[in-house]
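1. Curious how this folds, go ahead:
(one chain, ligands or ions: 1)
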Amino acid sequence: MSDLINRPSISLADVVAARERVRGAIYYSPCPRSQMLSALTGQQVYLKLENLQMTGSFKERGALNRIAMLAPEQAARGVVAASAGNHAQGVAYHATKQGIRALIVMPLATPLVKVTATRGFGAEVVLFGANYDEACEEATRLCAVEGMTFIHPFDDAVVMAGQGTIGLELLEQVPQLEAVVVPIGGGGLIGGIACAIKESRPEIRVIGVQTSRLPSMLAARAAGRPVTVEPATTIADGIAVRRAGDVTLPVVERYVDEIVTVDEDEIASAILVLLEREKTLAEGAGAAALAALLQRKTSLNGAHTAVMVCGGNIDVTLLSRIIERGLVQDGRLIRLRIHLLDKPGALAELTLLIAKYRANIVDTLYNRAYYGVNLGDTTIDITMETRGREQVEELLAARGIIVSHETVRQWALKFGQPFANRIRRRLPRVGDKWHLD
Ligand SMILES: Cc1ncc(COP(=O)(O)O)c(C=O)c1O
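-> Numbers count the residues shown, from 1 in each chain. Below is the predicted model of the structure:
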């Protein structure tokens, strides 16, 4: 291992050569400074918008570098990849553009939109296996049978060098660069970028981000070799890799300064921030780097920092769930369970009160028999849109609304202790009309 660390598989020269190979065929993505995100994170943030690549992610860079290095007889036989996502589309697009046959093996459960997109870029798609590992085995078998060339999504020095072209662009686009934050799956992206940056400007910090559900690179660093972590699901499917690469690990060991993790809610909230504040659509893996900065997980302190927004291929149904959860987190969508007298006009009075405080009711569920409601009383669950927690506070200060201690405890967790304390101060006024829990 230590010998490999001293002799990493790629060098700056490989990345520079890769850049010449991909020049003109890969979009030189913009890297604008974000004033809003700089204020929110306490760093000087520059977003590298790789979600704007033709296939929606940076993966084209490594795939194209690999394809461009095929010998003519290899190109004539075609290429094979196993992937449920961005790598599939990158290989499909650049191979078929050059008239090279592309065969992609995807796990059986791959969402139809991804299968359709990959076919749309001209690849033949074979659906096989319950997961990536099984699809990968089938891809290797097909390679042997058909004499085609396998393109690995990350554990290949040529692929890594292709991803590293982003590092060269960052050095040009942000001359004052002091740090780069990069999501890690198998480590090809960060390996390439870190090599390009550290061999050009060693003082620039390179920070990796993993999902806390699959911290395979952290585990590999701790063990000194790739180890397989427990399977887990995550909204950041692009970085859901259970085992770091044998080729990528030594490069990461040598050049990456720090690796941090982010959890699912932190990633979801970063997706929402990018969408609302920047009008930028990122997938889970594409928002992980920003999540680390928003949550102040890194050791950076006001640095000029490039943040990789490395992919934007997100399922719209997942996106809509993320938006809804984000609104709940912010208190902009709130559900209250209110006990009231079961008599004509009681609900009208309550909705009038809600209207007075300009909250918008989006859903109600009325029930008399559940939640231990007293005979003669009823319970209503009201879901409302609000402008945020201030408006919720105003509404709850309205005469007659009483909140239970359990509700306050939950709000303390969600909105913070000061908010809960302000509500708690009103608790002794029990005995009014409505009771909430
Ligand atoms: C959007 C996105 N971000 C990050 C990564 C991680 O790249 P790597 O596996 O090279 O670490 C991937 C990999 O597919 C990805 O699709």
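2. Without its sequence neighbours, what residue ends up closest to the spatially most central residue of the chain?
-> Among the residues of the chain, the one closest to the centroid is G284, at 1.8 Å (Cα atoms, centre = their mean). Distances taken as Cβ to Cβ, 6 or more residues apart in numbering place A236 nearest to G284, at 3.3 Å, with adjacent residues excluded. Every C-beta, even on glycine, is put in place using the N, C-alpha and C of the backbone.
3. That neighbour: what's it in contact with?
-> Residues near A236 by Cβ atoms under 8 Å, 6 or more residues apart in numbering: P183, T211, I267, E283, G284, A285, A287, A288.
4. who wins for most neighbours among those?
-> Of all these, A287 has the most neighbours under the rule other Cβ atoms under 10 Å, reaching 37 neighbours.
5. is it true that it touches E266?
-> No: counting by Cβ atoms under 8 Å, A287 sits too far from E266 to count as a contact (9.1 Å).
6. Enumerate the residues of the stretch 251-400 of the chain near the ligand.
-> Contact residues (Cβ under 6 Å from any ligand atom) of the stretch 251-400 of the chain with the ligand: E283, A285, G286, C310, G311.
7. The second one in helix, strand or coil?
-> Just to be clear, that refers to A285. Assigned state for A285: helix (three-state reduction, DSSP: H, G, I helix; E, B strand; the rest coil).
8. Roughly how far does it sit from A130?
-> According to Cβ to Cβ, to the nearest Å, A285 and A130 sit 22 Å apart.
9. what do you get for the last one?
-> If you measure G311 against A130 using Cβ to Cβ, the figure is 24 Å.
10. In terms of neighbours, single out the busier of those two.
-> Between G311 and A130, counted using other Cβ under 10 Å, the more crowded position is G311 (30 against 10).
11. Specify the beta-bridge partners of that one.
-> Bridge pairing for G311 (DSSP bridges) gives the partners S57.
12. Now the stretch 1-150 of the chain against the ligand: closest residue?
-> Minimum separation of the stretch 1-150 of the chain from the ligand (Cβ to the nearest ligand atom) falls at N86, amounting to 3.7 Å.
13. Mind listing residues that contact stretch 258-266?
-> 184, 205, 207-213, 215, 217-218, 221, 234-235, 270, 288, 291-292, 294-295, 297-299, 325, 329.
14. List the contacts of the residue nearest to the centre of the chain.
-> So G284 contacts T211, T234, I235, A236, D237, G238, I239, I267, A268, I271, I314 (Cβ under 8 Å, 6+ apart).
15. Repeat the analysis, applying 7 Å as the threshold.
-> Residues in contact with G284 (Cβ atoms under 7 Å, 6 or more residues apart in numbering) are T234, I235, A236, D237, G238, I267, I271.
16. and it, how far is that from D265?
-> In terms of Cβ to Cβ, G284 sits 12 Å off from D265.
17. Also G238?
-> Distance from G238 to D265, by Cβ to Cβ: 18 Å.
18. Also Y28?
-> With Cβ to Cβ as the criterion, Y28 and D265 are 34 Å apart.
19. quick check, nearest of the contacts of A236 to A144?
-> Taking Cβ to Cβ as the measure, A285 is the one of those closest to A144, at 30.7 Å.
20. Quick check: that closest one touching G238?
-> Yes: counting by Cβ atoms under 7 Å, G238 is a contact partner of A285 at 3.0 Å.
21. joint contacts of those two?
-> Joint contacts of A285 and G238 (Cβ under 7 Å, 6+ apart) are G185, G311.
22. Please tell me I have it right and F150 contacts C143.
-> Yes: counting by Cβ under 7 Å, F150 touches C143, with 4.7 Å between them.
23. just checking, what packs against the host helix or strand of L189?
-> Using DSSP states H and E, L189 falls within helix 188-198. Judged by 3 or more Cβ pairs under 7 Å, 6 or more residues apart in numbering; DSSP states H and E, the packing partners of helix 188-198 are helix 12-22, helix 157-163, helix 165-173, strand 179-183, strand 205-211, helix 248-255.
24. Output the contacting helices and strands for the fifth one.
-> In terms of contacts (3+ Cβ pairs under 7 Å, 6+ apart), strand 205-211 is packed against strand 179-183, helix 188-198, helix 216-223, strand 258-262, helix 284-294.
25. Strand partners (parallel or antiparallel) of the helix or strand following the last one?
-> Beyond helix 284-294 in the direction of the C-terminus, DSSP H and E gives the next helix or strand as strand 304-309. Sheet neighbours of strand 304-309, with direction, are listed as strand 44-49 (parallel), strand 179-183 (parallel) (DSSP bridges).
26. so where's this protein shaky on pLDDT?
-> 1-8, 398-414, 420, 422-437 (pLDDT under 70).
27. Just the buried positions in stretch 131-141, please.
-> Y132, A135, C136, E138, A139 (16 or more other Cβ atoms under 10 Å).
28. can you check stretch 266-286 too?
-> Result for stretch 266-286 [16+ other Cβ under 10 Å]: buried residues 266-275, 278, 280-286.
29. Mind checking which of those residues land in helices?
-> When the buried residues of stretch 266-286 are checked against helices (DSSP state H), the matches are 266-275, 278, 284-286.
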